[in-house]
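> Here's a sequence, model it:
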Amino acid sequence: MALISYIEVMKHSNDEKIKAFKRLFDVQERLRKECPWDRKQTFESLRPNTIEEVFELADALQKDDRKEICKELGDVMEHVVLYSIIGEETGDFDIADVCNHQSDKLMFRHDFIDWRNTTTAPDVPQWYVTDTSLVINNRGQVVYKDEVDENNDPIPTTATEVESSWERRKQKERDGNETVLSGVPSALPSIIKAYRIQDKARNVGFDWAEKEDVWDKVREELGEFEEDLRRGDKEKSTRELGDFLFSIINAARLYHLNPDNALESTNQKFIKRFTYIELKAKEQGRNIADLTLKEMDELWDEAKRKFKETNN
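Here you go, the predicted structure:
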């Protein structure tokens, strides 16, 4: 049976899921002891591989390839387990610390959920926190022990309201980020970083009153960019290009469009069409560089017609 069919058909109990995770942990722990490659890995040496695995997962997600998503999730999970094993060896943390910290954080940030209620998850006899500075109060909220006031904010009913609530709770964490935007990783790709910066600012109320108003800003930034290009001021043009791109990303966000996904879709569309030109040139026994611009334009239009059915 194919892997993807197996995934679709098989349903696993919680015990089976926990057993499967333990099996992965046991396999990785043995590899750490017996495999020369695994044994030599450190946080620093493993980092480039982790970045590669995450990008491979992102690629599978972009293609909506469920079989590949499953495989790539496994690769990422393997890295999480290996980092945890290394952390245990250095005496800093282990996989239990990783899981417990994440659970405590999720419960703290979802203060509109009654964590005393066990009826929605019969397999869980009692919800609890492991951070000794936290407790579950009488309203089922996870709070700091020395907190006097309970959160009386309205219960969010939409995803947008949850995001705003999340940011408010995040700011209350005593070991969290000191500012709203300090939680945006500096190593994020620029388009994703710009989107996250704008989205986090929006979560605390810093946003356009009406989404249509953003187009005046986009036109303003485009005009300033064009003006500096005409002047031949490369340094200023670069800054204005950044401002223009930032405003376009902001517009995409306001209209609930993902600019990174949109650009990647266009990248793939260009690759497909350009590759078509290259293959057609080879069929003629020619190198693509030997084609005239007119010939390439004609093949480009041909590729557009050929792939039109798939909207590519």
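
> Backbone dihedrals for residue 136, both of them.
Dihedral angles of residue 136 (phi, psi; degrees, to the nearest 10) stand at phi -100, psi 120.

> gap between it and residue 147?
Distance from residue 136 to residue 147, counting by C-beta to C-beta, to the nearest Å: 12 Å. C-betas here are computed from N, CA, C, even on glycine.

> So for these two, which residue has more residues nearby?
Set side by side, residue 136 and residue 147 show more neighbours around residue 136, with 17 against 13, by other C-beta atoms under 10 Å.

> Near the closest residue to that one other than its chain neighbours, how many other residues are there?
Setting aside the residues directly before and after it, residue 136 is nearest to residue 115 in space (C-beta to C-beta, 6 or more residues apart in numbering), at 5.1 Å. Residue 115: 19 surrounding residues under other C-beta under 10 Å.

> For stretch 155-172, list every residue counted as buried.
162, 164-167, 169-170 (16 or more other C-beta atoms under 10 Å).

> before we move on, what about stretch 107-122?
For stretch 107-122, a neighbour-count test (16+ other C-beta under 10 Å) marks 107-113, 115 as buried.

> what's the answer for stretch 79-97, then?
Under the neighbour-count criterion of 16+ other C-beta under 10 Å, stretch 79-97 has 79, 81-88, 95 buried.

> now swap in stretch 203-218 and tell me
Here stretch 203-218 shows 203, 207, 214, 217 as buried, counting by 16+ other C-beta under 10 Å.

> Sort the residues you listed by pLDDT and name the bottom one.
Lowest pLDDT of those: residue 203, 83.

> Might you report the residue contacts of the residue lying closest to that residue once chain neighbours are set aside?
Leaving aside its chain neighbours, residue 203 sits nearest to residue 167 (4.0 Å; criterion: C-beta to C-beta, 6+ apart). Neighbour list for residue 167: 180, 200, 203-204 [criterion: C-beta atoms under 8 Å, 6 or more residues apart in numbering].

> Of those, just say which sits nearest to residue 274.
residue 200 (36.6 Å; C-beta to C-beta).

> which residues touch the nearest residue to the closest one once chain neighbours are set aside?
Computed as C-beta to C-beta, 6+ apart, the closest residue to residue 200 that is not its neighbour in sequence is residue 180, at 5.4 Å. Contact analysis of residue 180 by C-beta under 8 Å, 6+ apart lists 167, 171, 200-201, 203-204.

> among the residues you listed, which two are most distant?
Checking the contacts of residue 180 with C-beta to C-beta, the most distant pair is 171 and 201, at 13.1 Å.

> Make sure residue 143 is indeed in a strand.
Yes: counting by DSSP: H, G, I helix; E, B strand; the rest coil, residue 143 is located in a strand.

> That one against residue 137, yeah?
Yes: using C-beta atoms under 8 Å, residue 143 makes contact with residue 137 at a distance of 5.3 Å.

> Compare these two (neighbour count), which wins?
residue 143 (20 against 17).

> which strands and helices sit next to the one helix or strand residue 218 maps to?
Assigned by DSSP states H and E, residue 218 falls within helix 214-231. Applying 3 or more C-beta pairs under 8 Å, 6 or more residues apart in numbering; DSSP states H and E, one finds that helix 214-231 makes contact with helix 234-254.

> Kindly provide the whole-number mean pLDDT of the helix or strand just after the helix it packs on.
Later in the chain than helix 234-254, the nearest helix or strand by DSSP H and E is helix 259-283. Computed over helix 259-283, the mean pLDDT rounds to 93.
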